[in-house]
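Asker: Attaching a predicted model along with its sequence, questions to come.
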Amino acid sequence: MTPVPLGMPKFAAGARAALADTGQRRNLGAATGALRARAAAATGEAADWEELREAGRAIRDRTLLDLGTQLEELERAVTEAGGTVHWAADAAEARSVIDGLVRATGETGAITAASAITREIGLAEALAKAGVTAYETDLGELIVGLGGEDATHLLAPSAHRNRAQVRELFLNGLPGAGPDLDDDPAALAAMARSHLRDRLLACGVAICGADFAVAETGTLAALEQDGGCRLALALAETLICVAGIESVVPTWEDMEVLLQLVPRASGGGRMSPSVSTWTGVTAGDGPRRLHLVLLDNGRTRALADEVGRTALRCVRCSACLNVCPVYERTGGGPYGPVLPGPIGAILTPQLRGVEGAFEASLPYASTLCGACADVCPVLIDIPDVLVRLRGQVVESRRRRPVPTPEMLLMRTVAWTMGERRRYETSLQRGTRWARLLSRGGRIRRLPGLLGKWTDARDLPAPPAESFRSWWRSRRPGSAGER
């Protein structure tokens with residue numbers, strides 16, 4: 001599948017604004033630190049935690065290896081329960097399907113319970129373009145929407161905002177918010193409910209994501225903080241649900257394991273605050289029409305890679321985000337719309353390919369410290385996949401008719417270091433120039449492409465005498481040694 005252009009800068013360029021925003025970094029650090037501590041306590045109290053992780057890994061791998069059969073079983077079960085299944089090869093097709101379904105209802109407003117999958121396909125932008133007003137049920141999504149931002153965290157979309165900033169957004173963006181609005185979280189939540197209540201009651205169509213889809217019964221499930229999907233189920237006559245093809249779970253017994261893993265790994269809870277499940281259509285209860293849109297969008301590409309397919313095990317718990325030192329400083333924006341954090345750094349290139357500059361930069365958005373692998377509830381070895389993707393990036397650059405500047409530089413370095421005399425001559429000349437560039441024993445800016453290195457760090461000035469020269473001066477008879 002041809003990669004869908006994201007129109008985004010490389011990760012390093014996209015992260016500069018976030019790195020310079022000390023307030024955002026402070027807010028995000030406090031939020032991830034609290035989630036990290038709660039998750040550590042919750043997983044530590046479970047005596048069989050490691051056995052649960054291994055069981056989760058086995059369930060996800062078994063499902064992925066038999067994905068075609070499981071998806072056919074899911075389609076059969078959903079159809080028999082009164083729902084309709086739509087297949088979407090990419091995000092554009094998913095948006096087109098949803099647009100057609102909303103138009104068929106004649107509605108101009110829709111309840112939306114945003115999720116990672118709806119953000120991936122750009123649902124909010126598509127609805128706005130189609131003239132459909134989206135009423136978001138999630139408080140965090142409402143906040144980032146008022147700020148004209150993207151969600152920065154899977155569990156807490158507005159983790160980069162403090163309550164004073166949220167109050168300011170409400171004052172500027174919600175018609176009913178007055179100057180007496182307090183920045184107490186309960187008061188802010190009440191203001192959001194008051195703003196949305198009448199609007200939600202008037203909507204006849206709802207759009208949401210699904211975390212899991214049980215193949216044996218056709219049941220769709222959403223693990224939530226605030227019950228947005230449950231609200232959609234109660235209010236809408238037409239429910240449109242979007243799910244990635246990898247979200248299928250064979251049986252309810254398999255779901256039992258995942259329902260124990262996700263809440264402990266994500267927010268440190270023994271169970272999710274709200275687990276909403278729905279199966280087909282039931283007369284007099286819930287929506288009259290149920291549509292399930294199953295999205296590929298590059299997932300079959302990832303499935304074909306024996307190592308890369310492990311990224312499809314992801315259960316969207318956000319545990320890797322909470323421990324990642326890179327994510328904690330940059331937030332989710334630079335990772336693009338698929339997923340933020342370490343899992344986004346491996347899944348987006350898997351889905352889109354590594355030919356684009358943005359996608360190729362994501363595998364390098366990591367220190368390879370391994371903290372993400374240590375906490376993943378389904379044992380995804382994220383650093384291993386990152387290293388593999390970096391290799392794919394390098395190989396894709398080798399095939400280009402005109403080498404990149406970086407590739408030319410590395411080839412020059414390899415040629416220089418391939419022979420002793422060339423290396424020593426370049427070392428002597430380089431040392432001379434480096435010392436001329438230094439100020440106070442530090443080099444604060446290198447020229448040309450090398451300047452990328454000194455954008456965020458200084459270099460110590462090299463010594464006047466190299467180690468090789470010093471060694472030869474102590475051993476006169478070793479001049480010819482390598």
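Answerer: Structure received. Numbers count the residues shown, from 1 in each chain.
Asker: contacts, neighbours, all on C-alpha from now
Answerer: Fine.
Asker: any idea how far residue 46 is from the spatially most central residue of the chain?
Answerer: Among the residues of the chain, the one closest to the centroid is residue 339, at 1.8 Å (C-alpha atoms, centre = their mean). In this view, residue 339 and residue 46 are 28 Å apart by C-alpha to C-alpha, to the nearest Å.
Asker: And residue 183, by the same measure?
Answerer: Distance from residue 183 to residue 46, by C-alpha to C-alpha: 36 Å.
Asker: Neighbour count: the two, which is higher?
Answerer: residue 183 (17 against 14; other C-alpha atoms under 10 Å).
Asker: residues touching that one, list them.
Answerer: 163-164, 166-167 (C-alpha atoms under 8 Å, 6 or more residues apart in numbering).
Asker: Report the secondary structure state of it.
Answerer: Secondary structure, DSSP: H, G, I helix; E, B strand; the rest coil: residue 183 is coil.
Asker: Against residue 190, how distant is it?
Answerer: According to C-alpha to C-alpha, residue 183 and residue 190 sit 11 Å apart.
Asker: got it, and residue 399?
Answerer: Taking C-alpha to C-alpha, one finds residue 399 at 57 Å from residue 190.
Asker: again with residue 93
Answerer: For residue 93, the distance to residue 190 - C-alpha to C-alpha - is 37 Å.
Asker: So which of those two has more stuff around it?
Answerer: Taking neighbours as other C-alpha under 10 Å, residue 93 and residue 190 compare with residue 93 leading, 18 against 11.
Asker: Below-threshold pLDDT in the chain: ranges please.
Answerer: 1-7, 400-404, 449, 476-482 (pLDDT under 70).
Asker: picking up where we left off before, does the residue nearest to the centre of the chain touch residue 346 like I think?
Answerer: No. The criterion here is C-alpha atoms under 8 Å, and residue 339 misses it with residue 346 at 9.3 Å.
Asker: Tell me how many other residues crowd the closest residue to residue 64 other than its chain neighbours.
Answerer: Closest residue to residue 64 apart from its sequence neighbours, by C-alpha to C-alpha, 6 or more residues apart in numbering: residue 246 at 6.9 Å. Look at residue 246: counted by other C-alpha under 10 Å, it has 25 neighbours.
Asker: How about residue 175?
Answerer: For residue 175, using other C-alpha under 10 Å, the count is 9.
Asker: which residues does it contact?
Answerer: Residue 175 touches residue 195, counting by C-alpha under 8 Å, 6+ apart.
Asker: Relative to residue 290, how far out is it?
Answerer: For residue 175, the distance to residue 290 - C-alpha to C-alpha - is 33 Å.
Asker: And the helices in the stretch 151-300 of the chain?
Answerer: 163-173, 185-201, 228-235, 252-266, 299-303 (DSSP state H, counting those that start in this stretch).
Asker: How much space separates the residue nearest to residue 297 when sequence neighbours are not counted from residue 443?
Answerer: Closest residue to residue 297 apart from its sequence neighbours, by C-alpha to C-alpha, 6+ apart: residue 90 at 3.9 Å. To residue 443, residue 90 is 48 Å away according to C-alpha to C-alpha.
Asker: For residue 81, give me its contacts.
Answerer: Residue 81 touches 218, 279-281, counting by C-alpha under 8 Å, 6+ apart.
Asker: Kindly report the same for residue 398.
Answerer: Residue 398 sits in contact with residue 407, where contact means C-alpha under 8 Å, 6+ apart.
Asker: for it, phi and psi?
Answerer: When quoted as degrees, to the nearest 10, the phi and psi of residue 398 stand at phi -60, psi -30.
Asker: Next up, the contacts around the closest residue in space to residue 337 that isn't next to it in sequence.
Answerer: In space, and not counting its chain neighbours, residue 337 is closest to residue 120: 5.1 Å by C-alpha to C-alpha, 6+ apart. Applying C-alpha under 8 Å, 6+ apart to residue 120 gives the contacts 91, 337-339.
Asker: And for residue 210?
Answerer: 115, 220-222, 241-243, 247.
Asker: still on that earlier bit, out of the contacts of residue 183, who has the most neighbours?
Answerer: If you rank those by neighbour count (other C-alpha under 10 Å), residue 167 sits at the top with 22 neighbours.
Asker: Surely it touches residue 186?
Answerer: No. If you go by C-alpha under 8 Å, residue 167 and residue 186 don't touch, sitting 11.6 Å apart.
Asker: Confirm residue 415 sits in a helix?
Answerer: Yes. Read with three-state DSSP, residue 415 is one of the residues of a helix.
Asker: Without its sequence neighbours, what residue ends up closest to residue 431?
Answerer: residue 462 is the one closest to residue 431 (C-alpha to C-alpha, 6+ apart), at 6.2 Å.
Asker: got the contact list for the one you found?
Answerer: Residue 462 neighbours (C-alpha under 8 Å, 6+ apart): 431, 434-435.
Asker: returning to that earlier point: where neighbours are concerned, which of the contacts of residue 81 has the most?
Answerer: Result: residue 218 is most packed of those (other C-alpha under 10 Å), 26 neighbours.
Asker: Against residue 335, how distant is it?
Answerer: 32 Å.
Asker: Looking at strand pairing, list the partners for residue 242.
Answerer: When assigned by DSSP bridges, residue 242 has beta-bridge partners residue 209, residue 293.
Asker: so where do the strands sit in this structure?
Answerer: Using DSSP state E, the strands of the chain run over residues 84-88, 109-113, 133-136, 205-209, 212-214, 219-224, 238-244, 248-249, 274-279, 289-295, 442-443, 459-460.
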